[in-house]
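Engineer: Pasted the sequence and its predicted model underneath.
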Amino acid sequence: MVAQQCIAVCCLQLDRFEDCLEVIEKKKLSIRFEKAYSLYRMHRTQESLAVLSDSTDLNTREKELLAQIFYRLEDFDKCISVYDDLLKNVHDDHDEERLSNYTAALAAREQFLCDKRFPTVVQNINSSPNGATYELLYNQACGYAACGDFGRAKTLLDKSVEEFKDSNAEDLSEEELNQELALMRTQIAYVLQMEGKHSAALEVYDQANRSSSDDAGIAAVVATNLITLSKNANVFDNKKKIKTITAPAARQKLSSVQKKKLIDYNNYEKDSYLLPLLTVAVMLRDKKYKEAVYYLNDYPHLDLLTAQVYVQQGTLTSAVNTLKTCSKRSSMAIVSSLVSLYLSFEELTSAEEVIEEFLKSASLSSKQSNKTVLIGISEELIERGLYSKAIVYLEKLLQIQGPQPEVLAQLVTCSSKVDTSLIKKYSKDLISIEQLVKECDVNELSKSTDLFLTNKYALKKAAKTAANNATGDTNLVAKKNKRKKKAKLPANFDPNVLPDPERWLPKWERSTFRKSKKKKAHDVGKGTQGGTSGGSVYDHSGPKSTVNVPNQSTPAESPKSATGARPKTSQSKRRGGKKR
């Protein structure tokens, strides 16, 4: 178990939060902070809050994480109360950081509520003996800017910039220094813009925009304020800025007050559902499930859509947790989705608890919705073979809509599978067989038995009988005359000659059949491959044969030698040939 905890902590230190959470859930480790922090960094803030809110004995780092969770959820009063407790009871090397975060929560609350309480509360804050840090000065400036005291805010921002340069000038390069100062310069430009110094604000915005290319939140704020300043700017430049504003990465870092002031909120304030639905649809088409979940964190009222994203991603447990924590849990859509997910997990008890809670919370006016839920769960249970549980919901359905034949028939069917003694109880309200056959004529039914046959000839016969009855000819039934076709005979057919009795046998089985001899090609296939039948005529592999040519001085042969034996010529021996 200790080794698994070490693995989880190592994953946390390496920023592998998904792996850390997977180890904790698989091994069921009781490390509360690591689980809550992983969920917090994965932007699953509600689940992170649920992990910490279940316990009362929180340590210092868990309380600090709880305060950060409340800050992200914009529950600033609870966040401030947690920091009050930490500042009073905990004293260590992180006091300045806690004081800075406490001031940030006060400034965010002032920006959110605008009740002018920030100046009175911030006066009681005692900074460290070494002086205020640049974070504390910056947060105080933001609070005064939210109150409308832009002169005081500008002074504090200038001090914050100087303090940051003095403390980090030796450790950072000029480029890194400008990147860190981009946030402060953006706030300075905002203060200048609110004071009416537009040209100075444009210069500072441009400087901050050039050095904050990696921070999506700062880029979105700068782009929004530049659009409001440069009203006569190019349309294409404004489109690029709007694309920067609506980027998913920017929305994760902006507060709800900032998001309400963005351009897309102003364009879609009549229909606030249109923009998030379209954006999530595009993300799901590209299979960007994590980005869609992060984007929907800004829209807590679209929790059903968030659950649908989880379902498409395949993380059904997260979908269940989202539906359980949603505000409108008693709605039909939420209840049906939860029941379907629980049934897919084979968790019937959890599904029954959801239905019982829905039936208790439902009012008398929602009779139709109760009926729909009961019919759906009873049919699902019957399909799964759980007849005893189906009977319970069918009885509740009887109480709502009265003795309906369909429900009673289902009850009789389920009782026959579980307890046959209940059949009489439910069959009492069913229509008796006598009432069913009261208006039926048995004679007519017996005459029309052919109509119930699937044989098409029986149906035709019944139709003809009905037609004859309509015309009055009840005794006559039309008979179908079949025409006889003439047999086809061969052209040379002689009726006086008996046909061959072996005419139906194959030719090779007949007595007159003679097997024909195969014609074989002579001298084909004999000898070696590529050889011919010319013999030595075409063999030129040996030496040429010598022919005796008569000498010119020799006298001519006599006529006697012409008719006698020819002189023998020497033939060369065949060389290189194979023996045959």
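Structural biologist: Looks like it came in fine. The structure displayed is predicted, hence computed values, not measured ones.

Engineer: make it CA atoms for all contacts and neighbour counts henceforth
Structural biologist: OK.

Engineer: In terms of pLDDT, where does the residue nearest to residue 248 when sequence neighbours are not counted sit?
Structural biologist: With sequence-adjacent residues excluded and distances taken as Cα to Cα, 6 or more residues apart in numbering, residue 248 is closest to residue 295, at 5.8 Å. For residue 295, the model assigns a pLDDT of 81.

Engineer: what's downstream of whichever strand or helix holds residue 48, the next helix or strand?
Structural biologist: Element membership for residue 48, per DSSP states H and E: helix 45-53. Going down the chain from helix 45-53, the next helix or strand is helix 60-72, by DSSP H and E.

Engineer: can you list contacts of that following helix?
Structural biologist: 33, 37, 40, 45, 48-49, 52, 76, 78-80, 82-83, 86, 90, 105 (Cα atoms under 8 Å, 6 or more residues apart in numbering).

Engineer: where in the stretch 151-300 of the chain is pLDDT low?
Structural biologist: Across the stretch 151-300 of the chain, the ranges flagged by pLDDT under 70 are 212-213, 231-236, 238-239, 251, 259-273.

Engineer: All the helices of it, in order from the start?
Structural biologist: 174-194, 198-211, 216-229, 235-245, 248-251, 256-260, 263-267, 274-285, 289-296 (DSSP state H, counting those that start in this stretch).

Engineer: for residue 299, phi and psi?
Structural biologist: phi -130, psi 80 (degrees, to the nearest 10).

Engineer: neighbours of it, just the number please.
Structural biologist: 15 (other Cα atoms under 10 Å).

Engineer: just to revisit the earlier point, just checking, the residue nearest to residue 248 touches residue 250?
Structural biologist: No - look at residue 295 against residue 250 with Cα atoms under 8 Å: they stay out of range, at 9.5 Å.

Engineer: Among those two, which residue is more densely surrounded?
Structural biologist: It is residue 295, of residue 295 and residue 250, that has more neighbours when counted by other Cα under 10 Å, with 22 against 19.

Engineer: roughly how far is the helix or strand residue 7 falls within from the heart of the chain?
Structural biologist: Following DSSP H and E, one finds residue 7 within helix 2-13. The chain centre lies 31 Å from the centre of helix 2-13; the measure is Cα atoms, centre = their mean, to the nearest Å.

Engineer: Which SSE is immediately downstream of it?
Structural biologist: helix 17-27.

Engineer: Pull up the gap between the closest residue to residue 155 other than its chain neighbours and residue 135, please.
Structural biologist: The shortest distance from residue 155 to any non-neighbouring residue, by Cα to Cα, 6+ apart, is to residue 141 (8.0 Å). Counting by Cα to Cα, to the nearest Å, the gap from residue 141 to residue 135 is 10 Å.

Engineer: Could you tell me how many residues sit around residue 494?
Structural biologist: By other Cα under 10 Å, the residues close to residue 494 number 10.

Engineer: residue contacts, it?
Structural biologist: No contacts exist for residue 494 under Cα under 8 Å, 6+ apart.

Engineer: Tell me the pLDDT of it.
Structural biologist: 85.

Engineer: Same question for the one 4 residues further on.
Structural biologist: In this prediction, residue 498 carries a pLDDT score of 85.

Engineer: Phi, psi for it please.
Structural biologist: Backbone torsions of residue 498, given as degrees, to the nearest 10, read phi -70, psi 140.
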